[in-house]
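*Asks:* Sharing a sequence plus its predicted fold:
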Amino acid sequence: MPYGALQQLVTSALDKTPVKGYTHNFYRYPARFSPTFASTAIHLFSKPGDIVLDPYMGGGTTVIEAMLAGRHVIGTDLNSLAVFIAKVKTTKLNPNEKNIIIQWAKKIIPSLKYNIPALSLNETRQDNRIRNMTLPCARFIKKVVTVALSSIDNLPTSQTRDFARCAVLRTTQWALDGRKTHAALHQYRSKLQEHIFQMIDQLEEYAGNVTAQYGRFPNCNLFETNASQIDKIPFFATDNIKADLVVTSPPYPGLHVLYHRWQINGRRETPAPYWIANCQDGQGDSYYNFGSRHQPNHHSYFENSLKTLKSIRNVLRPGAYMIQLLAFSDPQSQLSRYLVNMDSAGFKEVNLKRHQTASNNARIWRNVPNRKWHASLQGNTSGSKEVVLVHKAD
């Protein structure tokens, strides 16, 4: 790797700029990937027209940045919520759909009140996805969201319904997730309307810039699948197409990351995001993290990780790069095991030792920015740092 390219990668990895711009803030997905790092990696290790793959796409950061860079993009995730969010972030609204959402925001949001009965309330009570939403801090928000979702069902297209649901999802997360104090009803209404208009402007700006790169707004190839099955996707299996670059952040071994829950009222967990997004959620946290963090030696994690890495290697052309950001609960033992997996899957690590990084170490480590308040209270734990890994497909 040229020294100049490495220095650019180091600088982008250490960048502390908050996640912002375009559609990145449509939803605060856990362990959010750095757009600056993703964009830098894409520009350094691929060229316009190449295929960029993110097999653990989460909220779609790599997908967004790859499209902005004029690359073709494939994103996969086993979490239906992640696929929903990434889809909304990368789906263009036509002028009529934009107007429909604006009229919905102006008419419906100001009328949302706690004491308005909703026809779907009885049905909602039977939905397991609202668990813990009857707690004092969430009860009134739950009813307002129920009314909002009922009105969203009347919107005419799937694009308008998904966009509105994403706005409600974003606002309800702001109101409940990890907060020390809950938001008042008037604050919720105001924030929801603010989010709607912000998101419309951000999506319009994003779509304009992507169109400038492609000459049109392309389809985005997103799949809900386990990364171990990527080589079974028809795009790769049938068409025999190979990806040119992977930029991604896999699940972290031994660390508790809630990809499928919010924490409310003293860190009680609720699957309400799936209710709002109209997605299915039937899995525990070990499913989304490749294994339980309580398992001795984390054998399940490394076994599942190896399966996904082999599948990823199968869809990459020889010589393609795989760039990752990864954290560990025990870096000293787990990093070496992960590198063994990479080698077993057919990847060779790029030697960075001949270069000087910002910290004068052989590897690039970064502090995870914008951690939640209850995580920050624990200080600089092992899981508060991520390492940059650069590999090439043999």
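*Replies:* Okay, I see it.
*Asks:* who's in contact with the residue nearest to Asp231 when sequence neighbours are not counted?
*Replies:* Once flanking residues are discounted, Asp231 sits nearest to Asn314: 4.0 Å by Cβ to Cβ, 6 or more residues apart in numbering. (Glycine included, C-beta is placed from N, CA and C.) By Cβ atoms under 8 Å, 6 or more residues apart in numbering, the contact set of Asn314 is 230-231, 236.
*Asks:* so the most centrally placed residue in the chain, which of the three states?
*Replies:* The residue lying closest to the centre of the chain (Cα atoms, centre = their mean) is Gly59, at 1.9 Å. Under DSSP: H, G, I helix; E, B strand; the rest coil, the three-state class of Gly59 is coil.
*Asks:* How much space separates it from Gln159?
*Replies:* Note on Gly59: its distance to Gln159, by Cβ to Cβ, to the nearest Å, is 18 Å.
*Asks:* what do you get for Tyr27?
*Replies:* Tyr27 is 17 Å from Gln159, by Cβ to Cβ.
*Asks:* So these two - more neighbours on which side?
*Replies:* Tyr27 (25 against 19; other Cβ atoms under 10 Å).
*Asks:* Surely the more buried one and Leu169 touch.
*Replies:* Yes: under the criterion of Cβ atoms under 8 Å, Tyr27 makes contact with Leu169 at 6.0 Å.
*Asks:* Are there residues contacting both of those two? Which ones?
*Replies:* What both Tyr27 and Leu169 touch, as defined by Cβ under 8 Å, 6+ apart, is the set Ile85.
*Asks:* and the residue lying closest to Val19 once chain neighbours are set aside, how many residues sit next to it?
*Replies:* Closest residue in space to Val19, ignoring its immediate chain neighbours: Arg32 at 5.3 Å, by Cβ to Cβ, 6+ apart. When neighbours are counted by other Cβ under 10 Å, Arg32 registers 19.
*Asks:* Excluding covalently adjacent residues, which one is nearest to Asp285?
*Replies:* Here the residue nearest Asp285, using Cβ to Cβ, 6+ apart, is Leu258, at 6.4 Å.
*Asks:* I meant to write Ala183 there.
*Replies:* Ala175 (4.1 Å).
*Asks:* and the one you found, what element?
*Replies:* Element membership for Ala175, per DSSP states H and E: helix 158-176.
*Asks:* residues of that helix that come out buried?
*Replies:* Neighbour counts using 16 or more other Cβ atoms under 10 Å place 159-176 of helix 158-176 among the buried residues.
*Asks:* who does that helix touch, helix- and strand-wise?
*Replies:* Using 3 or more Cβ pairs under 8 Å, 6 or more residues apart in numbering; DSSP states H and E as the contact criterion, the elements in contact with helix 158-176 are helix 80-89, helix 95-108, helix 139-152, helix 185-214, strand 262-264, helix 272-277.
*Asks:* which residues are contacting the fifth one?
*Replies:* It refers to strand 262-264. Applying Cβ under 8 Å, 6+ apart, the contact partners of strand 262-264 are 132-133, 135, 137-138, 173, 176-179, 269-270, 272-273, 374.
*Asks:* Apply 6 Å and report the result again.
*Replies:* Applying Cβ atoms under 6 Å, 6 or more residues apart in numbering, the contact partners of strand 262-264 are 138, 176-178, 270.
*Asks:* can you give me how far it is from the chain middle?
*Replies:* 17 Å (Cα atoms, centre = their mean, to the nearest Å).
*Asks:* Partner strands of that strand, with direction?
*Replies:* Here strand 262-264 is paired, per DSSP bridges, with strand 268-270 (antiparallel).
*Asks:* can you map out the strands along the stretch 201-350 of the chain?
*Replies:* Ranges of strands in the stretch 201-350 of the chain, per DSSP state E, counting those that start in this stretch, are 221-224, 243-248, 262-264, 268-270, 316-326, 347-349.
*Asks:* Reformat the ones you listed as CSV; add distance to Tyr288 and mean pLDDT.
*Replies:* Formatted as CSV, these follow (distance: least, Cβ to Cβ, whole Å; pLDDT from 0 to 100):
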stretch, distance to Tyr288, mean pLDDT
strand 221-224, 13, 95
strand 243-248, 15, 98
strand 262-264, 14, 89
strand 268-270, 13, 89
strand 316-326, 16, 97
strand 347-349, 23, 96
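*Asks:* Find the residue closest to Pro250 in space, skipping its chain neighbours.
*Replies:* Nearest to Pro250 is Tyr56, by Cβ to Cβ, 6+ apart, at 5.1 Å.
*Asks:* Neighbours of the one you found, how many?
*Replies:* 25.
*Asks:* Next, give phi and psi for it.
*Replies:* phi -130, psi 70 (degrees, to the nearest 10).
*Asks:* Tell me if I'm right that it and Thr248 touch.
*Replies:* Yes: counting by Cβ atoms under 6 Å, Tyr56 touches Thr248, with 5.2 Å between them.
*Asks:* overlap in contacts of those two?
*Replies:* Joint contacts of Tyr56 and Thr248 (Cβ under 6 Å, 6+ apart) do not exist.
*Asks:* how much space is there between the residue nearest to Asp231 and Val63?
*Replies:* 21 Å.
*Asks:* Could you do Phe236 as well?
*Replies:* As defined by Cβ to Cβ, Phe236 lies at a distance of 17 Å from Val63.
*Asks:* what ranges of the stretch 101-250 of the chain fall below the confidence cut-off?
*Replies:* 115-126 (pLDDT under 70).
*Asks:* Domain-wise, how is this protein divided?
*Replies:* 3-90+222-254+289-393, 95-209 (automatic domain parsing).
*Asks:* Just name the most buried of those domains.
*Replies:* domain 3-90+222-254+289-393 (a mean of 19; mean count of other Cβ atoms under 10 Å).
*Asks:* export stretch 285-298 as CSV, just CAs?
*Replies:* Output of stretch 285-298 as CSV, limited to C-alpha atoms (Å, rounded to 0.1, in the frame of the first residue of the first chain):
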residue,chain,number,x,y,z
ASP,A,285,-29.0,-10.6,20.7
SER,A,286,-26.7,-13.7,20.2
TYR,A,287,-28.3,-14.1,16.7
TYR,A,288,-27.2,-10.6,15.6
ASN,A,289,-23.8,-10.9,17.3
PHE,A,290,-22.7,-14.3,16.0
GLY,A,291,-23.0,-15.8,19.5
SER,A,292,-23.6,-15.0,23.1
ARG,A,293,-21.1,-12.7,24.8
HIS,A,294,-21.4,-14.9,27.9
GLN,A,295,-20.1,-18.0,26.1
PRO,A,296,-16.6,-19.1,27.3
ASN,A,297,-13.9,-18.5,24.6
HIS,A,298,-16.6,-17.2,22.2
